[in-house]
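Visitor: Structure for this input, please:
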Amino acid sequence: MTVARSGGRALGRRRQLSDEVAAYVRDLIMSGQVRHGEFLRLERIAEDLGISVTPVREALLSLRGEGFVTLEPRRGFMPAPLTRQDVQDLFEAQAYFAGELAARAAGTIAETELASLDRFQAQLEAASEAGDSAGIERANHEFHRLINLCAGSPKTAWLLQTVVRYAPRRFYSSIDGWTRASVDDHHLVLAALRSGDADGARQAMRAHIRHAGTLLVVHLEAQGFWETGAE
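Guide: Alright, predicted model coming up:
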């Protein structure tokens, strides 16, 4: 029995590690740091993350199943083509679900939860002023996570999670205007939540997510991303 439990923990940890690698590779692709036509080197990714090659290979196979990378025979993995419309579609789907969760949260959110949102917003602004990319990511994540929890709609939150993973969380600071947009747009979301305005919260959140998607498209265009044939 002890061996079985230990094996289960090891398998669970390996799956978790593979998921973390997959998230890292998605972020590399969605931020334009690697693109279609460039091969993803397993050894390089493993070295960057300080892990073995095995979970990297498992992660890339998982991403292949999502259609996010392709496997070229005898050559390796590369990002699948990604178009402007792909990026816009991903953020439009995210905007829909995030907006619905914000609207539902507006009807149930308590003063203590609003105070927590104010605290996360203050942390986000402080991290932005300090140029602290890890702090920006952490505060932004907690801000959105709390709103989603307040909605009390776990299935809708799960649907949001399936699309939000394509936003390049680790590379916010590399996208011009992204952090400033989070700081400014959050104030509109907060105002709607504080007044209990469900439709206002829905529209403010959707506008915020669409704004982020537009900034990402502009960022990729500035890098010449679409010149690779990913139109």
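
Visitor: Do a quick rundown of the strands in the chain.
Guide: Under the criterion DSSP state E, strands of the chain are mapped to 69-72, 76-79.

Visitor: For the first one, name the packing helices and strands.
Guide: Counting by 3 or more Cβ pairs under 8 Å, 6 or more residues apart in numbering; DSSP states H and E, the packing neighbours recorded for strand 69-72 are helix 53-66, strand 76-79. Backbone N, C-alpha and C define where each C-beta goes, glycine included.

Visitor: Tell me the buried residues in stretch 56-69?
Guide: 56-60, 62-63, 68-69 (16 or more other Cβ atoms under 10 Å).

Visitor: where does this protein have low pLDDT?
Guide: Residue ranges of the chain with pLDDT under 70: 1-15, 170-173, 227-231.

Visitor: Distance-wise, check the most centrally placed residue in it relative to Phe91.
Guide: Centroid check for the chain by Cα atoms, centre = their mean gives Ala167 as the closest residue, at 3.3 Å. According to Cβ to Cβ, to the nearest Å, Ala167 stands 8 Å off from Phe91.

Visitor: For these two, list the residues in contact with both.
Guide: Residues touching both Ala167 and Phe91 by Cβ atoms under 8 Å, 6 or more residues apart in numbering: 212, 216.

Visitor: thinking again about what came up before, possible to save the helices and strands packed on strand 69-72 as CSV with distance to Gly200?
Guide: Shown next, in CSV, are those (distance: least, Cβ to Cβ, whole Å):
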stretch, distance to Gly200
helix 53-66, 35
strand 76-79, 38
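
Visitor: can you tell which of the ones you listed is closest to Ala106?
Guide: Comparison of the helices and strands packed on strand 69-72 against Ala106 by Cβ to Cβ identifies helix 53-66 as nearest, at 32.9 Å.

Visitor: Go ahead and name everything in contact with the closest one.
Guide: Residues from elsewhere that reach helix 53-66 (Cβ under 8 Å, 6+ apart): 14, 17-19, 21-22, 24-26, 40, 42-43, 45-46, 49, 69-71, 77.

Visitor: same thing with stretch 86-98?
Guide: When contacts are defined by Cβ under 8 Å, 6+ apart, stretch 86-98 is touched by residues 30, 144, 148, 156-157, 159-160, 163-164, 166-167, 205-210, 212-213, 216-217, 220.

Visitor: all helices for this protein, in order.
Guide: Taking DSSP state H, the helices of the chain run over residues 2-30, 42-49, 53-66, 84-106, 111-130, 133-150, 154-164, 178-195, 198-222.

Visitor: quick one, domains of this structure?
Guide: The chain is divided into the following domains under automatic domain parsing: 2-79, 84-225.

Visitor: Deepest in the core, which of these is it.
Guide: Ranked by mean neighbour count, these are led by domain 84-225 with a mean of 18 (mean count of other Cβ atoms under 10 Å).

Visitor: Quick one: end-to-end distance for that domain.
Guide: The straight-line separation of the ends of domain 84-225 (Cα to Cα, to the nearest Å) is 10 Å.

Visitor: from the middle of its chain, how far away would that domain be?
Guide: 10 Å (Cα atoms, centre = their mean, to the nearest Å).

Visitor: before we move on, the earlier item: of the helices and strands packed on strand 69-72, which is nearest Leu117?
Guide: helix 53-66 (32.1 Å).

Visitor: From Gln16, how far out is the spatially closest residue to Val21 that is not a sequence neighbour?
Guide: Nearest residue to Val21, sequence neighbours excluded (Cβ to Cβ, 6 or more residues apart in numbering): Ala59, at 3.7 Å. Here the criterion is Cβ to Cβ. By it, Ala59 lies 11 Å from Gln16.
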